[in-house]
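J.: what's the 3D shape of this:
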Amino acid sequence: MSLTAKLNNGRIFEGSLDDPRSLCSLLQWCSHTSNLSSGMEIHHLILHNGCISDVFLPNYLIRLYTKFGCLYEAHHVFSSILYPNVFSWSAIISGYAKHGHHEKAITLYHRMRKSNVEPDGHAYVAALTACTNGLLLEHGKMIHSHILSSTYKVDLYVNNTVVDMYVKCGSIDIARGAFIALPMRDLVTWNSLLAGFVQHKMWQEAISHFEEMQSQGIMPNHISLSCVLKAYSHVGDVCGGMIWHAYAIEHGFQIDSYVGNSLVDMYAKFESIPDAERVFAMLPMRDIITWSALIAGYIHCGHFEEAMQRYEMMQGNGVEPNHITFVSILKACTRSIEALDLGRLIHGDIMLKDHMTATVVDNALIEMYIKCGSFDDALRLFIGSFKEDVVMWNMAIKGCVLNGQRHMAFDMFNQLLQEGVNPCNLTFLNIISACTADLDLYLVWGRIIHLHIIECGFHHTSCVSNSLINMYIKCKRIEAARKLFDEMTKHDLVTWNTMIGGYSECGSADEALGLFYLMQYRGVPANPVTLVCILKACSSIVALANGRMIHAYISERNLKLDSYVGSALINFYARCGSLEDAQRVFVASSDRSVVLWSAMIAAFAQRNKHKEALGCFDEMKKGGVEPDDIAYISLLSSFSHSGMLYEGENQFKQMVDEHVVEPSLKHYNCMVDLLGRGGYLDQAEKMLRSMPHPPDLASWTSMFSHCRTHSNMALAGSCFVKSSNCV
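T.: As a prediction, this is how the structure comes out:
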């Protein structure tokens with residue numbers, strides 16, 4: 001019986017139902033031209049005329065149906081085959097793997113082996129593809145073992161799929177072992193492992209692998225270049241990146257979208273925005289990845305307005321932002337409170353484009369609202385979001401802490417546990433920070449959190465243990481902090497510094513020094529934080545000899561005498577009464593920042609050298625160093641103790657008029673103290689009532705003391721009442 005069919009491309013196909021080859025060719029044309037309906041008609045005619053007995057026809061039918069995702073029809077055809085051959089098995093396994101039915105594909109693979117049909121290369125590749133896409137590593141290992149015991153152990157196509165499977169399933173070390181064992185490799189093999197190193201952020205290994213590939217005469221293509229450019233961008237190798245950029249230009253790869261996107265991203269990470277823009281301008285096609293890389297680069301370099309301009313240009317060019325773009329652009333809105341309105345506009349764009357389902361975007365929005373000072377907006381978004389992601393809980397808890405809502409933070413932590421979300425170390429770090437206050441309630445909370453940390457196994461994590469030590473110190477439980485310190489099997493530098501700093505804060509200077517000497521005995525080198533903490537401890541007990549030993553320790557090891565260590569030494573010597581040593585430290589310091597000048601001004605003030613303090617302040621300004629709030633506090637405090645009223649008023653007026661520093665409550669308190677000591681009580685009270693900051697306990701206590709000194713008991717009584725209200 002003859003058959004005539006008109007295919008989608010207009011071609012007339014003529015054949016006979018009695019000729020299986022003609023039917024196979026016809027089904028193949030139906031598949032190539034996406035003519036499913038004609039293929040189904042042919043299938044019906046074949047069934048009607050009883051031609052299905054040919055072993056090849058079912059295979060072509062299976063391939064036709066699986067191409068269009070008609071798995072039920074494909075499986076029905078497969079089941080009708082009495083003795084399916086390897087091509088039949090390969091076709092049905094490949095169909096299930098292609099359409100996401102990974103475990104079904106693996107089940108069919110095992111059925112094939114049990115039916116004593118030896119898999120061919122196509123069957124192995126189809127089964128491995130199912131393992132790759134379904135992340136079925138154990139099944140992949142089993143199939144790999146089958147391949148190694150077959151004749152396909154030397155098949156390049158199969159082996160490339162093996163390496164790719166291990167890479168995609170996250171087993172980069174096994175992938176490397178499989179790669180090394182291969183009898184031969186082509187560019188695809190090298191690229192698979194190279195992409196794996198990049199995927200696992202093994203940047204140096206990626207570069208080494210790339211160099212080895214070239215040494216064996218394999219020249220890179222667009223995929224290799226894209227991978228290695230990413231690696232160079234993350235290790236910060238500008239020269240290496242530029243060399244391969246030149247290679248890309250020479251071999252015509254620069255206009256490839258993969259290479260171009262990697263180049264834009266690389267130059268953005270190198271903070272070379274003009275180069276990123278040049279590459280961007282040369283690309284014939286700019287997709288969302290290209291735009292997102294450029295926008296992220298501007299944000300990374302702090303050019304937030306330009307980032308917003310590119311965001312608007314992108315949409316003007318018809319490219320819709322995705323979740324990566326939104327996350328990047330929202331970061332630009334977290335830099336200042338002024339960006340809140342802009343962040344709300346972006347939020348509107350997200351809602352219009354229906355990206356609210358992306359948890360990562362919700363997280364970025366919550367972070368933006370918290371950092372822009374709109375905690376209520378962040379809380380509303382959090383309540384309305386799907387909250388199975390611990391990252392979102394972490395940000396919400398942190399937002400509560402930053403906004404002083406400690407009770408709410410603790411309630412959120414309890415809710416997180418009740419909803420079955422597993423806390424991570426960042427969760428505990430955030431909730432511990434809610435407990436760091438000298439109140440019995442916060443200590444109770446902290447101990448409860450400590451128990452949860454032990455239960456979840458995070459007590460062995462250094463950062464969590466360090467935060468717990470800090471929490472006990474802030475709650476004035478130094479013994480509990482030391483007990484935890486002694487129980488730790490491993491101490492990092494932060495642990496030592498936290499404990500030494502805690503002893504210094506609590507006035508336990510001998511213990512701080514003992515711990516510092518123990519730290520040195522154990523061979524842990526001190527850093528600037530250690531030195532500042534221990535010098536503060538020496539200052540509190542006026543331990544001049546101990547402090548000199550610390551100074552010698554710094555000199556002997558050629559440690560950098562930065563502004564903070566230098567100012568700590570100056571403060572130490574001043575408190576111990578050795579102003580000459582303080583001056584020597586100041587003169588010897590090469591980095592005379594405002595911190596160091598402020599310390600020297602305070603040192604003169606402490607030793608009642610008020611004219612010298614003013615001279616030091618003037619010398620600082622002449623040297624081009626702008627005074628900060630601490631410098632002014634040190635100077636005004638010196639004027640207050642010396643009764644230099646005119647100089648104090650003059651400097652305060654200059655500070656306000658020239659907008660050098662925004663006067664804080666401490667500056668006003670210094671002026672109130674200066675006026676009160678001089679007996680100008682009315683002016684002092686007027687300043688208290690007119691200053692932009694509400695007076696605190698220190699303000700009214702100082703005023704009360706001066707009223708008593710100058711026998712103004714009526715005003716003293718009023719100040720006493722107001723100071724009581726501040727407690």
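
J.: which residues of the protein score low on pLDDT?
T.: For the chain, applying pLDDT under 70 flags the ranges 1-23, 26-27, 33-35, 38-39, 41-55, 335-338, 353-358, 438, 719-727.

J.: quick check: what element follows the lengthiest helix in it along the chain?
T.: Identified as the longest helix of the chain according to DSSP state H is helix 440-456. As assigned by DSSP states H and E, the chain's next helix or strand after helix 440-456 is helix 462-474.

J.: show me what that next one is packed against.
T.: Contact analysis of helix 462-474 by 3 or more C-beta pairs under 8 Å, 6 or more residues apart in numbering; DSSP states H and E lists helix 425-433, helix 440-456, helix 478-487, helix 493-505 as its packing neighbours. Yep, even glycine has a C-beta here, placed from its N, CA and C like the rest.

J.: so what's the gap between stretch 625-632 and the chain middle?
T.: In terms of C-alpha atoms, centre = their mean, to the nearest Å, the centre of stretch 625-632 is found 34 Å from the chain centre.

J.: related to what we said a few turns ago, dump the helices and strands packed on helix 462-474 into CSV; add distance to S702 as well.
T.: Formatted as CSV, those follow (distance: least, C-beta to C-beta, whole Å):
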stretch, distance to S702
helix 425-433, 32
helix 440-456, 29
helix 478-487, 30
helix 493-505, 24
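
J.: mind checking the ones you listed for the one nearest to H209?
T.: Closest of the helices and strands packed on helix 462-474 to H209 is helix 425-433, at 32.2 Å (criterion: C-beta to C-beta).

J.: that closest one: how far from the chain's middle?
T.: On C-alpha atoms, centre = their mean, the centre of helix 425-433 falls 16 Å from the chain's centre.

J.: which ones are touching the closest residue to E505 other than its chain neighbours?
T.: What sits nearest to E505 in space, not counting adjacent residues and going by C-beta to C-beta, 6 or more residues apart in numbering, is I473, at 6.7 Å. Contacts for I473 (C-beta atoms under 8 Å, 6 or more residues apart in numbering) come out as 481, 498-499, 501-502, 505-506.

J.: by neighbours, which of these wins?
T.: M499 (28 neighbours; other C-beta atoms under 10 Å).

J.: roughly how far does the nearest residue to that one once chain neighbours are set aside sit from H491?
T.: If the residues on either side of it in the chain are set aside, M499 comes closest to F485, at 5.1 Å by C-beta to C-beta, 6+ apart. Taking C-beta to C-beta, to the nearest Å as the measure, F485 falls 7 Å from H491.

J.: now the helices: where do they sit in the stretch 251-400 of the chain?
T.: Ranges of helices within the stretch 251-400 of the chain are 257-269, 273-282, 288-300, 304-316, 323-332, 340-352, 359-371, 375-383, 390-402, based on DSSP state H, counting those that start in this stretch.

J.: I432: which of these is closest?
T.: Of all the helices of the stretch 251-400 of the chain, it is helix 390-402 that lies closest to I432, at 9.5 Å by C-beta to C-beta.

J.: give me the residues contacting that closest one.
T.: The set of residues external to helix 390-402 that reach it, using C-beta under 8 Å, 6+ apart, is 359, 362-363, 366-367, 369-370, 375, 378-379, 382, 385, 387, 406, 408-409, 412-413, 416, 421-424, 426-427, 430-431, 433-434.

J.: hmm, try it at 7 Å
T.: 359, 362-363, 366-367, 370, 375, 378, 382, 385, 387, 408-409, 412-413, 416, 421-424, 426-427, 430-431, 433-434 (C-beta atoms under 7 Å, 6 or more residues apart in numbering).

J.: and the protein, what are its domains?
T.: Using automatic domain parsing, the domain ranges for the chain come out as 582-655, 664-726.

J.: that's all I had, so thanks and see you.
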